[in-house]
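[1] build me a structure from this.
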Amino acid sequence: MIPLIMSIPWGLEFIDQGETLSPIIGGASAGFYGFTISKLELVGISFTKVNGGVQAHVKDFNFITKSYITQRADVYENGQRIVFNREQRNIQQTSKHEGDHRVKQRQEYNRIHDQVLKDLNSNQVYKDPNAAANALKEKLSNAFRDFNYRDTNHLEPVWHNSKPAQLERPPDTKAQEHASDLVHSRTDPSAP
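    Numbering: from 1, shown residues only. From the prediction side, this is the model:
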């Protein structure tokens, strides 16, 4: 479920906060190399007293999203956990994937924004402002629930042909040492 913040007095609508590199370890222990989180904000709620309670008016709502890209990964080999820095190309691949999440979230926001805002401003009568605010938060959350589930789990129709990331392996230090020895033996005239 996307976290909800009650209300702020102005609206920015879709807010893409981009990504940040994170020291969180991904891979065998954490099961991921990046993640994108979102939250929804109701913007500028006002209340009008009517017979039987209050009606609420919502100026707008914000959808805020941000991605985190892990810089380190881990695997288990021979019963030992090996933690290592991820290769730059793998970090870039994760960055692209999490960027795709933010693009899809923006597309969904744009697709349903007007209908959601209309539903929030349905002239329904609520018992009091608290009841109205709780009902509006639930309506907003429900509007994105199915999309959020499909996006988080990489399901159709949000994602097409999505494949889970392959487990990243640490650099083969023995192979690197062997390659270094070969280079050294070719350049050192005293080497056998």
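
[2] when you work out contacts or count neighbours from here on, use the C-alpha atoms and nothing else.
    Noted.

[3] what's the separation between Gly79 and Glu98?
    Here Gly79 is placed at a distance of 31 Å from Glu98 (C-alpha to C-alpha, to the nearest Å).

[4] of those two, which one has the most company?
    Neighbours per residue, other C-alpha atoms under 10 Å: of Gly79 and Glu98, the larger number sits with Glu98, 23 against 7.

[5] read off the pLDDT value for the more buried one.
    Each residue has a pLDDT score; the one for Glu98 is 97.

[6] for the one 4 residues further on, same thing?
    The pLDDT attached to Arg102 in the predicted structure is 97.

[7] next: Thr173.
    The score at Thr173 is 52. That number is its pLDDT.

[8] partners of whichever strand in the chain runs longest in the sheet?
    With residue count as the measure and DSSP state E as the assignment, the chain has strand 53-77 as its longest strand. Using DSSP bridges, the strands paired with strand 53-77 in its sheet are strand 14-27 (parallel), strand 34-50 (antiparallel), strand 80-85 (antiparallel), strand 125-126 (antiparallel).

[9] nearest to His113 among these would be which one?
    When the strands paired with strand 53-77 are compared for distance to His113 using C-alpha to C-alpha, the nearest one is strand 14-27, at 9.8 Å.

[10] possible to save the strands paired with strand 53-77 as CSV with mean neighbour count?
    Supplementary listing: these in CSV, determined by neighbours: other C-alpha atoms under 10 Å:
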stretch, mean neighbour count
strand 14-27, 16
strand 34-50, 18
strand 80-85, 14
strand 125-126, 18
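
[11] re the thing from before, next one: the longest strand of the chain to chain centre, how far?
    Relative to the centre of its chain, strand 53-77 is centred 6 Å away, using C-alpha atoms, centre = their mean, to the nearest Å.

[12] now it: buried residues?
    Going by neighbour count (16 or more other C-alpha atoms under 10 Å), the buried part of strand 53-77 is 53-75.

[13] and the longest helix seen in the chain, which residues are buried?
    If you go by DSSP state H, the chain has its longest helix at helix 88-120. Neighbour-count burial for helix 88-120, counted by 16+ other C-alpha under 10 Å, picks out 91, 94-95, 97-99, 101-102, 104-106, 109, 113, 116-117, 119-120.
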